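A.B. asks: Build me a structure from this.
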Amino acid sequence: MTVTHRWLALSTLGLFFFMVIVDGSIITIAVPAMAAGLHVPTSQINLVIAIYLVGISGLLLTFGQLGDQLGRIRLFKWGTLLFTIGSALASLGISLPLVLGGRLVQAIGASMTMANSYAIVTDIFPMAFLGRALGVESIFISLGALAGPGLGGLILAYLSWHAIFWINIPLGLFCLIVAWRVFPASSAPAQTPTIDWPGTLWLITAAASFYVFTSTLLTQPVITLLSLGLFTVALVQFSQAERRAVKPLLDFAIFRHPLFSRSLLASFMSFIAAYFFTLLAPIYLQVVLHTSSQLTGLILMIAPAIALVANPIAGWLTDRYPQVRVMQWGMVLLVLAEIGLVLSNGQHEPWVLGSLSILISIGTAVFSTPSNTLIMSSVPAEQRGMAGATNSLTREFGMVLGTTLATTTYYGSLSVLAGRAALTVTGQVPQHLLHAQSVAYLAATILLVIGLWLIRSRKVMTA
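C.D. replies: Alright, predicted model coming up:
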């Protein structure tokens, strides 16, 4: 590939990653409009969110395995096509079953692309430029994680909810055309692909039960316990199935690489901690500080705006300096920012929160770019699909677990202070909200300190 084709391919991978991540959260703001349009209760619209997230999480490792066997670029092309078709089906909006069917097709396509995106970047870029390449891709991922609700609100202000899916069609076709014309041709598979069906089924069960567990944690204790039990059983069965499989979805030998295993676990801690800020910052701004919606939106856009600059710089640092050392710098910045959030008391705002947002964005970029680079470069080429899929799966579970832990610690602390069950911030004492926020951010700080310890280990430093 020429240099121009490499960067065009990277931009295409990033754009599609952006769409896939946005579609995981953009529905949240359209729930009332979709319920009215489809003539169903809002609770049923939650299935539109669940089927997408569970489908992606449950199939990532399967398509990572197939990417290693059939060719990652081939899987990316087919995944792009399926995601576009699923978007078209969902956009018709004739009935809830049709929308759910479209979302399932979307999830299958999204999983195929996400599972192989990191590996494709690693395949097409020389190792000397890999940090910069993954830094650029991280821009799209960061923007996608933050842009969903805002983009959805903008669309609903002028168009019907169907347009949430319409916009994927031209973008998906564009990505597909570039993939066919620019990406290297996939070679014919050397053998008939082998799918680990038992592992796939147990992973889907684990993803579904984990989603139910996190969704009912504060409201339905019986269902929460049952789903937690099923999740535990599914994980045990998945582990046993993988040890018996001829070609497992997840070869546990991959975790013998200290750079891979510890970088992945540290990333998991950072993913969890990141969603504490995502959940609590809007509450702090609007309920405690009484900031207008417009100003809140502007303050929350600071982080993605800084990410546009921070991620490429982090990529340059990754290619120039020892990657473990750069990861440590990033994690230290994240720990310092989290301590600042713990100490936030409503004074000197919004300057304090804005400054901490900048620190979080820089820290995330400086940590995640070398982390992704180490994860992808520390395994053999034939395991890159598995490594990339595992990395994406870690982010998906981190997102859900982070939201759950943030919600549990925040509202749990609020309930203790209020002397009764508190599942809403409405009518709560501002000082109680600040205290509950500090407790939640303290939990996130502990997670980040664990992550820092993992990458400061002598095993990582000397690997």
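A.B. asks: so what secondary structure elements neighbour the longest helix along the chain?
C.D. replies: Counting by DSSP state H, the longest helix found in the chain is helix 384-418. Under the contact definition 3 or more Cβ pairs under 8 Å, 6 or more residues apart in numbering; DSSP states H and E, helix 384-418 sits against helix 42-70, helix 96-124, helix 197-216, helix 258-283, helix 351-377, helix 430-455. Using the backbone N, CA and C atoms, a C-beta is placed for each residue, glycine as well.
A.B. asks: could these go into JSON lines alongside mean neighbour count, mean pLDDT and distance to residue 19?
C.D. replies: As requested, the helices and strands packed on helix 384-418 are exported to JSON lines (neighbours: other Cβ atoms under 10 Å; pLDDT from 0 to 100; distance: least, Cβ to Cβ, whole Å):
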{"stretch": "helix 42-70", "mean neighbour count": "22", "mean pLDDT": "87", "distance to residue 19": "12"}
{"stretch": "helix 96-124", "mean neighbour count": "24", "mean pLDDT": "93", "distance to residue 19": "8"}
{"stretch": "helix 197-216", "mean neighbour count": "20", "mean pLDDT": "91", "distance to residue 19": "21"}
{"stretch": "helix 258-283", "mean neighbour count": "22", "mean pLDDT": "89", "distance to residue 19": "19"}
{"stretch": "helix 351-377", "mean neighbour count": "24", "mean pLDDT": "92", "distance to residue 19": "19"}
{"stretch": "helix 430-455", "mean neighbour count": "20", "mean pLDDT": "94", "distance to residue 19": "28"}
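A.B. asks: what's the closest of those to residue 301?
C.D. replies: helix 351-377 (9.2 Å; Cβ to Cβ).
A.B. asks: Now find how far off-centre the closest one is within its chain.
C.D. replies: Distance of helix 351-377 from its chain centroid, counting by Cα atoms, centre = their mean, to the nearest Å, is 14 Å.
A.B. asks: Residue 273 contacts residue 338, correct?
C.D. replies: Yes: contact criterion Cβ atoms under 8 Å: residue 273 and residue 338 qualify, at 6.7 Å.
A.B. asks: joint contacts of these two?
C.D. replies: With contacts taken as Cβ atoms under 8 Å, 6 or more residues apart in numbering, residue 273 and residue 338 have 444, 445, 448 as neighbours in common.
A.B. asks: roughly how far apart are the second one and residue 351?
C.D. replies: It stands for residue 445. Per Cβ to Cβ, to the nearest Å, residue 445 is found 21 Å from residue 351.
A.B. asks: The first one too?
C.D. replies: From residue 444 across to residue 351, the span is 22 Å (Cβ to Cβ).
A.B. asks: and residue 15, how many neighbours does it have?
C.D. replies: Other residues lying near residue 15 total 17 when counted by other Cβ atoms under 10 Å.
A.B. asks: Nearest residue to residue 75 in space, ignoring adjacent ones along the chain?
C.D. replies: Among residues not flanking residue 75 along the chain, residue 67 sits closest, at 4.5 Å (Cβ to Cβ, 6 or more residues apart in numbering).
A.B. asks: Help me confirm that that neighbour comes into contact with residue 122.
C.D. replies: No: taking contacts as Cβ under 8 Å, residue 67 lies outside contact range of residue 122: 11.9 Å.
A.B. asks: Overlap of the contact sets of these two?
C.D. replies: Common neighbours of residue 67 and residue 122, using Cβ under 8 Å, 6+ apart, are residue 388.
A.B. asks: for the host helix or strand of residue 18, which positions count as buried?
C.D. replies: For residue 18, the host element (DSSP states H and E) is helix 3-25. Buried positions in helix 3-25, judged by neighbour count with 16 or more other Cβ atoms under 10 Å: 6-25.
A.B. asks: which ones are touching residue 424?
C.D. replies: Listed by Cβ under 8 Å, 6+ apart, the contact set of residue 424 is empty.
A.B. asks: Name the SS class of it, please.
C.D. replies: When classified by DSSP: H, G, I helix; E, B strand; the rest coil, residue 424 comes out as coil.
A.B. asks: Quick check: phi and psi at it.
C.D. replies: Dihedral pair for residue 424: phi -140, psi 150, per degrees, to the nearest 10.
A.B. asks: Need the pLDDT of it.
C.D. replies: Note for residue 424: predicted pLDDT of 77.
A.B. asks: any idea how far it is from residue 443?
C.D. replies: Counting by Cβ to Cβ, the gap from residue 424 to residue 443 is 21 Å.
A.B. asks: Kindly report the same for residue 139.
C.D. replies: Going from residue 139 to residue 443 by Cβ to Cβ gives 29 Å.
A.B. asks: Identify the residues contacting residue 282.
C.D. replies: Each residue near residue 282 by Cβ under 8 Å, 6+ apart is listed here: 296, 300.
A.B. asks: again, 10 Å this time
C.D. replies: Residue 282 makes contact with 149, 291, 293, 296, 297, 299, 300, according to Cβ atoms under 10 Å, 6 or more residues apart in numbering.
A.B. asks: got it, and residue 323?
C.D. replies: Residues in contact with residue 323 (Cβ under 10 Å, 6+ apart) are 130-131, 259, 263, 317, 369-374, 377-378, 455.
A.B. asks: between those, which is closest to residue 116?
C.D. replies: Relative to residue 116, the closest of the contacts of residue 323 is residue 372; by Cβ to Cβ it sits at 14.2 Å.
A.B. asks: That closest one reaches residue 390, doesn't it?
C.D. replies: No: using Cβ atoms under 10 Å, residue 372 is not in contact with residue 390; the gap is 11.8 Å.
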